[in-house]
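Participant: Structure, please.
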Amino acid sequence: MTPAHVELTRTKPPMAAASAASSSLAELVEQAKVAVAEPSEPEGPLYEARHKIYPQRVKGTFRRIKWTVLIVTLGIYYLLPFVRWDRGPGAPDQAVLVDLAGRRLYFFFIEIWPQEVYYLAGLLIIAAMTLFLMNAVAGRLWCGYLCPQTVWTDVFQAIERWTEGDRREHLRRDQGPWTLERVGRAAAKHFLWLMVAWWTGGAWVLYFADAPTLVKDLATFQAPVVAYAWIGILTFTTYALAGHMREQVCLYMCPWPRIQASLTDEYALNVTYRYDRGEPRGSVKKNAALCARGEPAGDCVECLQCVNVCPTGIDIRDGASLGCIQCGLCIDACDTVMAKIGGPPRLIAYDTDVNLKRRQAGEKARFRLVRARTLLYAGVIVAVAGVMLYTLVTRSDAGLNVNHDRNPIFVRLSDGGVRNAYTVRILNKSLHPRRFMLTAEGLADGFVEVVGDASAWSGYPVVEVGPDQTRELRVLVTSYEHLQPAASVPLTFYIAETVTRRHTSTADFFRGP
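Facilitator: Presented below is the predicted three-dimensional model:
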């Protein structure tokens, strides 16, 4: 038998091959029909369900810093409305007050008026640049120490540990049945949470009215309905965000972690697991055995204390994470473990990506806090603050606005003089009545006259403006000097207070025939 004959006998007949191909094609078509008719269920949920986090109590340098910041910031927030500041008769004596009815913002000796909204813009710029500067120096310092969500969450967690116990005790109690003791502990916890949330909302509304008076009105149910409404809203949001949502706010609701990632660089200090020193990981005994054999062993002993104390439940050893708020509690936990096993501290520390690579290359660590971006942010802060301070120091507590009549622009008098008419508005920004002398400069023989009731002082009209009021005047300016045809002479109007002689001016023009 020839090789060709043997090959032919080993291959399928053409009809059999065609039949097999047709059968396979039919099966594929049938499977496609079933897939279209009955769509398959997704393999998993579209989002990850929340896993409750039980942060463990920790002691150390960064925990003390956080407690200090918490006490200072909450002390200022809760007590500042009750601080008094004497501004004279007729003025509110609350140091910090947003007076919506009086259209004023008081901050100790500073008084901001509605037309000075640009100060708010300046404060927002300074706040943004400060946030950027903090990020450029040491990552998410704001998130770890100053963010209201972090501060109130710390308070709520402290209450939870006091009522429910620390991590292990709380876990064991949550995994067990509901007993009378567990119900009592949970009720105490939620009651204290609601009290903190209620006082948080109550303190907020005290910034918008006289604090002692509003507290009395709230207690006697005589306060405005809007005050009770805002207290209710802020009580609910504080209770929900700090008591129940916690790390969910940082992971899913807050935009700053996503913005921050685009603003940082390799020289920014961040809470970092120094893997060049910690790897390979292992237990204390395992690492000791590796060292005895002369094999490499890291300092990390897999105690998981850095994970247990993390308020967002992440593992810092996995590298940079959206959930890391840079609070430094994992540093305290790791240092405590290192002290117990006799290892050097700061296996987890504030460090830079550059230094990790430098140490691996055998080079000395180097920190560059002063660099182009930090200088830029600091420069913008200083510049904006300087402009705001200058305008605040040199501003006037009176305002002057002049509008020239359009029809007619001028009037020729029978005695040969030329008269222009103006609408003048004088603003008294103080809280007591004041008298202003009105003058105009620019014409050699110009004569200023106020239509209506106006007294005179040194030959010039004097008008009185009530406290925090604007007075509108009809003012006539007459000139007898020879003017060029179609002349437009620059004219400056002045108002000067008759007591202090402080003046305010604005420019306009005098038109001739």
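Participant: Find the helix or strand that the residue nearest to Thr439 when sequence neighbours are not counted is a member of.
Facilitator: In space, and not counting its chain neighbours, Thr439 is closest to Tyr494: 4.8 Å by Cβ to Cβ, 6 or more residues apart in numbering. Any C-beta I mention is one placed from the backbone N, CA and C, and that applies to glycine too. If you go by DSSP states H and E, Tyr494 is part of strand 488-497.
Participant: One more: Glu464?
Facilitator: Glu464 belongs to strand 460-465 when assigned by DSSP H and E.
Participant: mind listing what the helix or strand just after that strand pairs with, with the direction of each?
Facilitator: Per DSSP H and E, the first helix or strand lying C-terminal to strand 460-465 is strand 469-479. Strand pairing for strand 469-479, determined by DSSP bridges: strand 418-428 (antiparallel), strand 447-451 (antiparallel).
Participant: how many other residues sit next to Asn355?
Facilitator: If you count neighbours by other Cβ atoms under 10 Å, Asn355 ends up with 21.
Participant: What confidence value was assigned to Ala18?
Facilitator: Predicted confidence (pLDDT) for Ala18: 42.
Participant: Give me the buried positions along stretch 360-376.
Facilitator: Neighbour-count burial for stretch 360-376, counted by 16 or more other Cβ atoms under 10 Å, picks out 373-374.
Participant: Other residues contacting that stretch?
Facilitator: Residues outside stretch 360-376 that contact it (Cβ atoms under 8 Å, 6 or more residues apart in numbering) are 132-133, 136-137, 265, 267, 269, 276, 351-352, 354-355, 358-359.
Participant: can you do 6 Å?
Facilitator: For stretch 360-376, contacts defined as Cβ atoms under 6 Å, 6 or more residues apart in numbering pick out 136-137, 267, 276, 355, 358.
Participant: Please pull up the helix or strand immediately following the helix of greatest length in the chain.
Facilitator: Taking DSSP state H as the criterion, the chain has its longest helix at helix 180-205. Next along the chain after helix 180-205, taking DSSP H and E as the criterion, comes helix 211-219.
Participant: just to revisit the earlier point, packing partners of the longest helix of the chain?
Facilitator: On a contact count with 3 or more Cβ pairs under 6 Å, 6 or more residues apart in numbering; DSSP states H and E, helix 180-205 meets helix 148-164, helix 225-240.
Participant: If we use 7 Å, what do you get?
Facilitator: On a contact count with 3 or more Cβ pairs under 7 Å, 6 or more residues apart in numbering; DSSP states H and E, helix 180-205 meets helix 61-79, helix 148-164, helix 225-240.
Participant: and the strands paired with strand 469-479, which one's lowest on average pLDDT?
Facilitator: Among the strands paired with strand 469-479, strand 447-451 has the lowest mean pLDDT, at a mean of 86.
Participant: which regions of this protein sit below the pLDDT cut-off?
Facilitator: Along the chain, the parts satisfying pLDDT under 70 run over 1-48, 453-459.
Participant: if you set the cut-off to 80 instead, what comes out?
Facilitator: For the chain, applying pLDDT under 80 flags the ranges 1-50, 88-90, 115, 294, 431, 444, 452-459, 481-487, 500, 513.
Participant: Dig out what Glu464 forms beta bridges with.
Facilitator: Arg435.
Participant: hmm, back to that, narrow the contacts of stretch 360-376 to those in helices?
Facilitator: Using DSSP H, 136-137, 276, 355, 358 are the members of the contacts of stretch 360-376 that sit in helices.
Participant: Rebuild these as CSV, extending it with distance to Gly102.
Facilitator: CSV is the format used below for these (distance: Cβ to Cβ, whole Å):
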residue, distance to Gly102
Ala136, 40
Val137, 40
Asp276, 61
Asn355, 55
Arg358, 59
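Participant: Could you identify the most distant pair in the residues you listed?
Facilitator: Across the ones in helices among the contacts of stretch 360-376, the longest distance by Cβ to Cβ is 24.0 Å; it joins Ala136 and Asp276.
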